[in-house]
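# Starting from these lines, generate the structure:
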Amino acid sequence: MSESERKVVLVTGSATGVGRACAVKFASMGFDVVVNFPGADEEEAKETVRLVEAEGMTALLSRCDVSRDDEVVAMLAATEKAFGHLDVLVNAAGATAFVKHDDLQGLSEAQWDSILAVNTKGPFFVTRAAVPLLEGRKGAAVVNVSSVAGISGFGSSIAYCASKGALNTMTRSLARALAPKIRVNAVCPGPIDSRWLRQDMSEEEISDRVSTFPIPRLSSPGDIADTVTYLAVGTAMTTGQILVVDGGRTI
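Predicted coordinates:
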């Protein structure tokens with residue numbers, strides 16, 4: 001296969017969790033992968049690289065804070081230098097703070113700024129920088145990893161809910177702006193079995209929560225990766241859609 005025929009995906013926030021699951025899933029499908037991390041998770045990002053390479057694909061390790069436009073531009077320049085093109089962008093980097101919704105004084109201005117910067121500005125900056133590499137590729141796609149928090153208003157903090165609601169709206173705006181060359185969709189997971197969740201909830205609290213779901217378990221990162229890959233390569237006529245994956249919690 002020539003270099004121009006090889007598929008390439010950039011997954012932001014792919015050191016751990018859903019981002020790592022997406023990176024490995026795409027590698028298993030024959031994609032080379034740009035593995036992005038913000039700085040603190042370098043060893044975990046290197047493990048993602050190892051897992052991608054174990055699938056026989058090439059990985060490019062890229063340290064970049066997606067909320068910094070200059071760093072984003074540099075990351076896409078490195079992607080172009082390494083691969084020459086991009087087929088899929090997955091915006092999976094995320095930030096949150098665990099603050100009860102009725103504790104309005106507990107959510108600081110710095111937390112608001114950090115959460116909105118990563119969860120809302122970040123996907124815009126990365127998508128904007130990626131467009132020149134995507135638009136010449138057949139079937140190019142962007143998938144934003146959002147959250148049911150952006151639909152229900154219930155989540156780790158009000159700032160997190162607001163950031164994901166904005167991301168859902170931005171997904172639709174970008175789908176219109178980038179059509180017909182690039183499809184843009186979002187996946188909205190419910191609770192995911194992750195270190196984020198387990199640092200805030202006990203096993204008993206998790207069990208009580210999921211017992212009310214029609215499918216009574218947490219989603220795994222792999223469940224979300226399956227949906228991301230479907231939106232990226234499994235459907236040619238889907239754009240501007242917000243797909244909920246929460247075990248039926250929001251029915």
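# Can you name the residues that contact Cys22?
Residues near Cys22 by Cβ atoms under 8 Å, 6 or more residues apart in numbering: 9, 11, 14, 90, 92, 145, 224-225, 228-229. The C-beta positions use only the backbone N, C-alpha and C, and glycine is treated the same way.
# Could I get the phi/psi values of it?
Dihedral pair for Cys22: phi -70, psi -50, per degrees, to the nearest 10.
# And Ile182, by the same measure?
Torsion angles, degrees, to the nearest 10, at Ile182: phi -130, psi 130.
# For the residue nearest to it when sequence neighbours are not counted, which residues are in contact?
Once flanking residues are discounted, Ile182 sits nearest to Ala140: 4.6 Å by Cβ to Cβ, 6 or more residues apart in numbering. Contact analysis of Ala140 by Cβ under 8 Å, 6+ apart lists 86-88, 134, 181-183.
# now these: which count as buried?
86-88, 134, 182-183 (16 or more other Cβ atoms under 10 Å).
# so Val143 is in which element?
If you go by DSSP states H and E, Val143 is part of strand 141-145.
# For the very next helix or strand once past that strand, which outside residues touch it?
Proceeding N to C from strand 141-145, the next assigned helix or strand is helix 149-152, under DSSP H and E. Helix 149-152 is contacted from outside by 155-156, 160-161, 163-168, 188, 242, 244, 250, using Cβ under 8 Å, 6+ apart.
# Now, of those residues, which are buried?
155-156, 160-161, 163-168, 188, 242, 244.
# Spell out which two among those residues are the most distant pair, please.
Ser156 and Ile242 (19.1 Å; Cβ to Cβ).
# shouldn't Thr96 be in contact with Ser157?
Yes - counting by Cβ atoms under 8 Å, Thr96 touches Ser157, with 6.3 Å between them.
# what residues do the two have in common as contacts?
Ile115.
# Distance from the chain centre to stretch 191-203, please.
18 Å (Cα atoms, centre = their mean, to the nearest Å).
# Just the C-alphas of stretch 153-161, formatted as CSV.
Taking Å, rounded to 0.1, in the frame of the first residue of the first chain, the C-alpha atoms of stretch 153-161 are listed here in CSV:
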residue,chain,number,x,y,z
GLY,A,153,-27.6,19.1,32.1
PHE,A,154,-26.6,16.5,34.6
GLY,A,155,-22.9,15.8,35.0
SER,A,156,-19.7,16.3,37.0
SER,A,157,-20.2,20.1,37.1
ILE,A,158,-22.3,22.9,35.5
ALA,A,159,-19.3,24.0,33.6
TYR,A,160,-18.8,20.5,32.1
CYS,A,161,-22.4,20.3,31.1
